[in-house]
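Trainee: structure for the following, please:
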Amino acid sequence: MISPAIPSPPHAQSSPSPRPVRTGSSPFAVGVLLGSFFWLLGNGEVLLGQADSPPTALQQLQRRWPNGPFQTDRQFPIAVWLQDPRNAGKYKQLGISLYVGLWKGPTGPQLAELRRHGMPVICDQNEYALAHLDEKLFVGWLQQDEPDNAQPLPDGKGYGPPVAPEKVIERYRQMQRRDPSRPVLLNLGQAVAWDGWHGRGVRSNHPEDYLLYVQGGDIVSFDIYPVVHPKPAVAGRLWYVPRGVQRLRQWAGPDRLVWNCIETTRISNLQVKPTPQQVKAEVWMSLIFGSQGIIYFCHQFKPNFVEAALLADQEMAQAVGKLNRQIHELAPVLWSPERPDLVQVSVMPTEVEEEMARLLGPVPVAWTARMYENRLYIFAVRIQPTQAQAEFRLRKPAGASRAEVLGENRSVPIRDGIFRDSFGPYEAHLYKIALSATPSAPSATTRQDTPALPAAHPTEGASSAKQSEEKSAAAEKAALPKKSDQKPPAPKESAPLPPVEFHPEMTYSIGQDGWIFPKEWTDDDKARAARAQKEVQPVWQNLAPQWVKLLTAEKARELSRWAQKEMAQYRSVPPLEKTLLEPAAFSQDGRLLVLEGTIDTLPSHHRLVTRWLKVYVHYDLAAKKITQVVFTIRGQLEE
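Mentor: Modelled structure (predicted):
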């Protein structure tokens, strides 16, 4: 977890060209990790559940890895890295639910000690482990730590290049073949978050490598420790933690889980060590930006070595224990789908550090919203080392009168669906709001591609309500078709509109089970699809103008999870009726056809990533009617 201290090596003379997009049998080519239409959860599990009773995110994980660490929704993955099993009982008292790594293990005595405390472990897949695959404490397998960093040469002769991604992937496949019932964890270094890290040697400042590295695990994590970081570019900038989560989620795609490591000690910094508030901020930044598991780094190396330095620091241990207990209490909420449609947030001041705005996005306060048992939960954290005021506007207040601030023994009044609160530097607030009625879910038939914990929502500036309405009206006006545009007449007012859903960027997908894609179509299927396309297109053109006021530029910015700075300049959605729908998938029983349409090409945060505003139309072939419309954003890594 601690990267070696390496003199800055010379960079490669020229950057290699981007690796090609997978076209067939090449096992190590980079697939379309950001935008393929049919993301898979993996191992045959699907992202689209049955319409009547879709499995929850947790159930998906349990089905995929029956012996994995996801056994209850009352517990969240909170781990410690490479700690002595004799301390498992003490860590369990702090709310630690998992060990990651065993020194020169696993061994029989180590497992006996862990069993005494009921502590599961993700560890090396060594000979002992393979001989005891029936051991219930084994809940996952651990890849070599930080293979993306420069590797030490024999006899202490310096450092060579990182482990090639192809070798990491091949080892992952071997581990999978030996035991597919448990996930494989791959932990990567700090270059996931910071391109300036020279510890990758000849591959420093080559983030494109990670599109391959992430294929070496089912759970991918990383570590960067900004509080105690020795480099001024990172030191004290806590936002590098969510920056890494954000990038790793983007690279990993929805078929892999993302965890991350959190600093709790001074490690090797003799002048600075993290405070409990900073640790809490890093954890909630991670969760809000989409981390699905936390791993605490507990070692200290200077001025003396202490393996369990977290336990030795009473103040930090108490704070971490309190934090962990709160996370476990909120585990069912964290496992629940995100509900960005229920909240709008504005902050004053809106300014953030320029470098953060460039790398992470202009996010003065990051937040996520969830519904659980008729209560709305909003988790929010200040991303800057300064104070701020935030206004939370509930879009469906349903009788809400007060927001309970969890863990702070206070509440905030809600008036006309609005409440306000103050944020100190890097301060997190967790709100619980009782509603008189549960707002309808944004999706009745689909789930998010990744199990809960989506990326953070940036705040929408400090505009007043009137200014917000004026901007929305202007966006809607810009999105309306010009008078000169020819379009079919609007449908009669009595005609019911199909259900419409809005899914945040990269959270809508069609699974493979139960759906037949074009590459598998017979000639008859292709003919049926062509006929249906001719039927659907005029129906779409007839209905589309009625959705113009719903799909505004402001709504597109709301759906965006990346390129926040670039999307701030997005001002107009093209006329929806001009979108050409293309057949994309048949249901297994042949009753439904899903058609895909590209409404617009959106601003991007990277020259190799193309982003589109998309619509997916579900068409009932027998009834000859549209049964569902989904608006979302998809992205794709270009060659």
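
Trainee: how close does Gly201 get to Leu430?
Mentor: Going from Gly201 to Leu430 by CB to CB, to the nearest Å gives 42 Å. For the C-beta atoms, the positions are set from N, CA and C on the backbone; glycine is no exception.

Trainee: got it, and Ala319?
Mentor: Ala319 is 15 Å from Leu430, where distance means CB to CB.

Trainee: partners of Val500 in the sheet?
Mentor: Val629 (DSSP bridges).

Trainee: touching, it and Ile626? I think so.
Mentor: No - Val500 is not in contact with Ile626 according to CB atoms under 8 Å; the separation is 10.2 Å.

Trainee: looking at those two, which has the bigger crowd around it?
Mentor: Ile626 (19 against 16; other CB atoms under 10 Å).

Trainee: please report the distance of that one from Arg382.
Mentor: On the measure of CB to CB, Ile626 and Arg382 end up 43 Å apart.

Trainee: ditto for Tyr619
Mentor: From Tyr619 to Arg382 the distance is 46 Å (CB to CB).

Trainee: and what of Leu550?
Mentor: According to CB to CB, Leu550 and Arg382 sit 32 Å apart.

Trainee: repeat for Arg325
Mentor: Arg325 sits 22 Å away from Arg382, going by CB to CB.

Trainee: repeat that for Asn269.
Mentor: As defined by CB to CB, Asn269 lies at a distance of 24 Å from Arg382.

Trainee: worst-scoring helix or strand of this protein, pLDDT-wise?
Mentor: Least confident helix or strand, the chain: helix 465-479 with a mean of 40, by mean pLDDT, DSSP states H and E.

Trainee: next, count neighbours for the residue nearest to Pro152 when sequence neighbours are not counted.
Mentor: In this structure, Pro152 finds its nearest non-sequential neighbour in Tyr159, 5.7 Å apart by CB to CB, 6 or more residues apart in numbering. Neighbour count of Tyr159, defined by other CB under 10 Å: 19.

Trainee: same thing with Gly158?
Mentor: By other CB under 10 Å, neighbour count at Gly158 equals 12.

Trainee: one more: Val306?
Mentor: The number of residues packed near Val306 is 17, by other CB under 10 Å.

Trainee: name the nearest residue to Asn187, sequence neighbours excluded.
Mentor: Distances taken as CB to CB, 6+ apart place Ser221 nearest to Asn187, at 4.7 Å, with adjacent residues excluded.

Trainee: so the one you found touches Gly189, yeah?
Mentor: No - using CB under 8 Å, Ser221 is not in contact with Gly189, being 10.5 Å away.

Trainee: what's the strand or helix carrying the residue nearest to Asn187 packed up against?
Mentor: If you go by DSSP states H and E, Ser221 is part of strand 219-222. The contact analysis (3 or more CB pairs under 8 Å, 6 or more residues apart in numbering; DSSP states H and E) places strand 219-222 against strand 184-188, helix 240-252, strand 257-258, strand 260-263.

Trainee: how about residues contacting the shortest one?
Mentor: I take that to be strand 257-258. 61, 183, 218-221, 245, 248-249, 252, 290-293, 450-451 (CB atoms under 8 Å, 6 or more residues apart in numbering).

Trainee: hey, C-alpha coordinates of stretch 364-383 in CSV?
Mentor: Taking C-alpha atoms only, stretch 364-383 is exported to CSV below (Å, rounded to 0.1, in the frame of the first residue of the first chain):
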residue,chain,number,x,y,z
PRO,A,364,-18.2,23.0,-3.8
VAL,A,365,-20.5,20.4,-2.0
ALA,A,366,-20.9,16.8,-3.3
TRP,A,367,-24.1,14.9,-2.4
THR,A,368,-26.1,11.8,-3.1
ALA,A,369,-29.8,11.1,-2.4
ARG,A,370,-31.5,7.8,-1.5
MET,A,371,-34.9,6.5,-0.6
TYR,A,372,-35.3,3.9,2.1
GLU,A,373,-38.5,2.9,4.0
ASN,A,374,-40.4,6.1,3.1
ARG,A,375,-37.5,8.3,4.2
LEU,A,376,-35.3,10.5,2.0
TYR,A,377,-31.6,10.4,2.9
ILE,A,378,-29.2,13.1,1.6
PHE,A,379,-25.5,12.6,2.3
ALA,A,380,-23.4,15.8,1.6
VAL,A,381,-19.8,16.8,2.1
ARG,A,382,-17.8,20.0,1.6
ILE,A,383,-14.9,19.4,-0.8
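
Trainee: what residues of it count as buried?
Mentor: Neighbour counts using 16 or more other CB atoms under 10 Å place 364-372, 375-383 of stretch 364-383 among the buried residues.

Trainee: extract the residue ranges of the stretch 501-639 of the chain that are flagged as low pLDDT.
Mentor: Applying pLDDT under 70 to the stretch 501-639 of the chain flags the ranges 511-514, 638-639.

Trainee: do a quick rundown of the helices in it.
Mentor: 523-543, 553-559, 564-567 (DSSP state H, counting those that start in this stretch).

Trainee: the spatially most central residue of the chain and Lys167, how far apart?
Mentor: The chain has Gly290 as the residue nearest its centroid, 3.6 Å off, counting by CA atoms, centre = their mean. Distance from Gly290 to Lys167, counting by CB to CB: 28 Å.

Trainee: what residues go with each domain of the chain?
Mentor: 143-329, 340-434, 465-637 (automatic domain parsing).

Trainee: what's the host helix or strand of Pro332 packed up against?
Mentor: Using DSSP H and E, Pro332 sits in helix 331-334. Other elements packing on helix 331-334 under the criterion 3+ CB pairs under 8 Å, 6+ apart are strand 365-372.

Trainee: mean confidence for the strand it packs on?
Mentor: Average pLDDT, strand 365-372: 95.

Trainee: so that strand versus helix 240-252, what angle?
Mentor: 60 degrees (axes from the mean of the first three to the mean of the last three CA atoms, to 10 degrees).

Trainee: so how far is strand 365-372 from its chain's centroid?
Mentor: Remark: strand 365-372 is offset 13 Å from the chain centroid, using CA atoms, centre = their mean, to the nearest Å.

Trainee: ok, back up a step: and the helices and strands packed on strand 219-222: which comes nearest Ala556?
Mentor: Taking CB to CB, helix 240-252 is the member of those nearest to Ala556, at 18.5 Å.

Trainee: what residues sit buried inside the closest one?
Mentor: So for helix 240-252, counting by 16+ other CB under 10 Å, buried means 240-252.

Trainee: now do stretch 420-432
Mentor: With burial defined by 16+ other CB under 10 Å, the residues of stretch 420-432 counted as buried are 420-421, 423, 426-432.

Trainee: of those residues, which pair is most distant in space?
Mentor: By the measure CB to CB, Tyr426 and Lys432 form the most distant pair in these, at 21.6 Å.

Trainee: and Glu373, its phi and psi?
Mentor: phi 50, psi 50 (degrees, to the nearest 10).

Trainee: confirm Ala88 sits in a helix?
Mentor: Yes - using DSSP: H, G, I helix; E, B strand; the rest coil, the assignment for Ala88 is a helix.

Trainee: pLDDT score for it?
Mentor: So Ala88 comes in at 98 (pLDDT).

Trainee: ok, it touching His117?
Mentor: Yes - the pair Ala88 and His117 passes the contact test of CB under 8 Å, sitting 3.9 Å apart.

Trainee: quick one: which of the two has more around it?
Mentor: Ala88 (23 against 17).

Trainee: about what we covered before: return the member of the buried residues of stretch 420-432 nearest to Arg358.
Mentor: Using CB to CB, Tyr426 comes nearest to Arg358 of the buried residues of stretch 420-432, at 19.6 Å.
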